[in-house]
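Engineer: need the 3D shape of this:
(2 chains)
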Amino acid sequence: MTTVSAGSPAVELSELRFAYRTGRDVLAIDHLRIERGETVFLHGPSGSGKTTLLGLLAGVLQATSGQVKLLGSNFSTISSGARDAFRARHLGYVFQMFNLIPYLSVRENILLPIRLDAHRRARLGKVSFDAAAQDIASQLDIAELIDAPISELSVGQQQRVAAARALIGAPEVIIADEPTSALDTDRREQFLALLFASCKSAGATLVFVSHDHTLMPLFSRTVSLAEINRAATVPARA
Amino acid sequence: MLIPRLAFRSLRSRLLTTSLTVTSIALSVTLLVGIEHVRAGVRESFAGTIRGVDLIVGARGSGLQVLLSSVFGIGNPSGAVALSTFERWQRHPAVKWAVPYALGDSHRGFRVVGTTAEFYQRYRFRENRNITFAEGRVATKDVDVVIGSEVAEQLRYTIGSPVVVVHGLRDIGTSSHEAHPFKVVGILARTFTPIDRSVFVTLEGIEAMHDDGGTATAGEGTATAGEGTATAGGGTATAGEGLLQDVA
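Structural biologist: Okay, here's the model as predicted:
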């Protein structure tokens, strides 16, 4: 089982190359380093490879060549099963399309990460599963929906469920792919407040992808994908 | 336990589709296994009708007809074989035993077979089982009749019941041998072969019956022969074919 080395950066990419099939490189990043506790705003035009990069950071995709290191663990050298286990333990991912499980309730969706990994469960301390779900749900204002089936939720509510699922168990790295796109202004502020608070209290690192440039000042660092991605000089496929 | 539980919940949320899939798989497997089973059973049932017989000899004509009319009781024999021919075969050095099958008569839709006591001893079927008697004994006298289990059941015959034999395979009364009434002396145990639907008399019985009337020729039918010694067996094959051609 891969271990997290203390003091290593949250994310370190070197000589990263990725192509979906044996074709043109989608990503070519020489170097990227994100320290622990940073809140990074990642932006780039549509089709520039933002979601692909997040997939590589989460261990869902494997680099064609080069190194992807998270919390000191080298993703390039471990099996896909080991990457899945790492992700369950140390990452919280908010998907752009939510990826909630339709035949489970809100509560069951939120509890999935801590059911999948014992260490993550342990980080919660002595609270019961239900209490933990209730706690994070009320922070995101979806407490009353806790037993509702996913199919009955609005898009905004689903997005908050996805966020709750990513935040539970205080993971070290949180990756969010357009997490506020379906939220109204009030809810967006509420959501971001919670997000930053969770990250701060857990000492977590946040990688946040969005089109909404108005949010940029809230983050400790801004990364433009177009600038660091050498493959972006070729026009992206639409 | 989480993954199995998730899998179960996933299936349950699609209960109709899941049930249909399971049902159609179950149905396919049932059909496949069932039909194969029936096929094997039918084949075995057919093949197991007779065992331990090397040669079935009949009049010149279709070999299939000889087989069907003798062993399976289907259709008419192709012609007549003289009793002297049968006796010549019986005496042949390569023939261990021979059983005559005199066909052509019937009783109320069941065919009548004239044969010797050797038949009851030699006939084997399925996994080499013998004919056994549920009641009574072998037919020895010319008025004796032994009936198969289905004949006894359908016609409600017991030991001592009278039997009138008719010429031909159907009960259309072309020629009834009323002058020569038979009596049931034996009832065979169930064999699940055409024997159950047969009525057995002695050769003398057939002769006596036809002497009294009707237009039947003597000794119509076929003969079954048992195996000879190992070396002679090969010889019998070619010699046998020659003999068959000669039989008028």
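
Engineer: give me the residue from chain A nearest chain B.
Structural biologist: Using Cβ to the nearest Cβ, the single residue of chain A nearest to chain B is residue A:103, 3.4 Å away. In short, each C-beta sits where N, CA and C put it, glycine included.

Engineer: quick one: end-to-end distance for stretch B:54-68.
Structural biologist: Taking Cα to Cα, to the nearest Å, stretch B:54-68 runs 16 Å from one end to the other.

Engineer: from residue B:140, how far out is the residue of chain A closest to chain B?
Structural biologist: 81 Å (Cβ to Cβ, to the nearest Å).

Engineer: and the helix or strand of chain A with the lowest mean pLDDT, how far out from the chain's middle?
Structural biologist: Across the helices and strands of chain A, mean pLDDT, DSSP states H and E gives its lowest value to helix A:185-202, namely a mean of 84. In terms of Cα atoms, centre = their mean, to the nearest Å, the gap separating the centre of helix A:185-202 from the centre of its chain is 14 Å.

Engineer: which parts of that helix are buried?
Structural biologist: Under the neighbour-count criterion of 16 or more other Cβ atoms under 10 Å in any protein chain shown, helix A:185-202 has A:187, A:188, A:190, A:191, A:192, A:194, A:195, A:198, A:199, A:202 buried.

Engineer: surely residue A:31 forms part of a helix?
Structural biologist: No. Residue A:31 sits outside any helix when classified using DSSP: H, G, I helix; E, B strand; the rest coil, being strand.

Engineer: residue contacts, it?
Structural biologist: A:13, A:14, A:15 (Cβ atoms under 8 Å, 6 or more residues apart in numbering or on different chains).

Engineer: residue A:161 versus that one, what's the distance?
Structural biologist: Taking Cβ to Cβ as the measure, residue A:31 and residue A:161 are separated by 36 Å.

Engineer: ok, now residue B:74?
Structural biologist: For residue B:74, the distance to residue A:161 - Cβ to Cβ - is 76 Å.

Engineer: which of the two has more neighbours?
Structural biologist: Applying other Cβ atoms under 10 Å in any protein chain shown to residue B:74 and residue A:161 shows that residue A:161 carries more neighbours, namely 26 against 13.

Engineer: that one contacts residue A:98, correct?
Structural biologist: Yes. Taking Cβ atoms under 8 Å as the definition, residue A:161 is a contact partner of residue A:98 at 7.4 Å.

Engineer: got the residue ranges for the helices in chain B?
Structural biologist: All helices of chain B, identified by DSSP state H, fall at B:2-13, B:15-47, B:63-70, B:83-91, B:117-122, B:149-155, B:203-212, B:230-246.

Engineer: contacts only, for the residue of chain B found nearest chain A.
Structural biologist: Here the residue of chain B nearest chain A is residue B:13; by Cβ to the nearest Cβ that distance is 3.4 Å. Contacts for residue B:13 (Cβ under 8 Å, 6+ apart) come out as A:102, A:103.

Engineer: distance of it from residue A:221?
Structural biologist: For residue B:13 relative to residue A:221 (Cβ to Cβ), the value is 42 Å.

Engineer: can you list the weak-confidence ranges in chain A?
Structural biologist: In the predicted model, chain A carries pLDDT under 70 at residues A:1-5, A:232-238.

Engineer: cool, and chain B?
Structural biologist: B:168-180, B:212-248.

Engineer: what's the neighbour count on residue B:17?
Structural biologist: Neighbours of residue B:17 (other Cβ under 10 Å): 10.

Engineer: for chain A, just list every one of the strands.
Structural biologist: Secondary structure of chain A by DSSP state E: the strands cover A:11-18, A:27-34, A:39-43, A:65-70, A:73-74, A:91-94, A:173-177, A:205-209, A:221-224.

Engineer: what's across from the residue nearest the centre of chain A in the sheet?
Structural biologist: Central residue of chain A (Cα atoms, centre = their mean): residue A:175, 1.8 Å from the mean position. Following DSSP bridges, residue A:175 is listed with bridge partners residue A:93, residue A:207.

Engineer: that older thread, between residue A:161 and residue A:98, what contacts are shared?
Structural biologist: With Cβ under 8 Å, 6+ apart, residue A:161 and residue A:98 have no common neighbours.

Engineer: and residue A:212, what is it in contact with?
Structural biologist: Going by Cβ under 8 Å, 6+ apart, residue A:212 touches A:180, A:181.

Engineer: hmm, try it at 7 Å
Structural biologist: By Cβ atoms under 7 Å, 6 or more residues apart in numbering or on different chains, residue A:212 lies in contact with residue A:180.

Engineer: quick check: bridge partners of residue B:167?
Structural biologist: residue B:105.

Engineer: just give the number of residues close to it.
Structural biologist: 20.

Engineer: doesn't residue B:103 make contact with it?
Structural biologist: No. Between residue B:167 and residue B:103 there is no contact under Cβ atoms under 7 Å: 11.3 Å.

Engineer: and chain B, which residues reach chain A?
Structural biologist: Within chain B, the positions near chain A by Cβ under 7 Å from any Cβ of the partner chain are B:2, B:9, B:10, B:13.

Engineer: ok, now with 10 Å
Structural biologist: B:1, B:2, B:3, B:5, B:6, B:8, B:9, B:10, B:11, B:12, B:13, B:14 (Cβ under 10 Å from any Cβ of the partner chain).

Engineer: how close does the residue nearest to the centre of chain A get to residue A:198?
Structural biologist: Distance from residue A:175 to residue A:198, counting by Cβ to Cβ: 13 Å.
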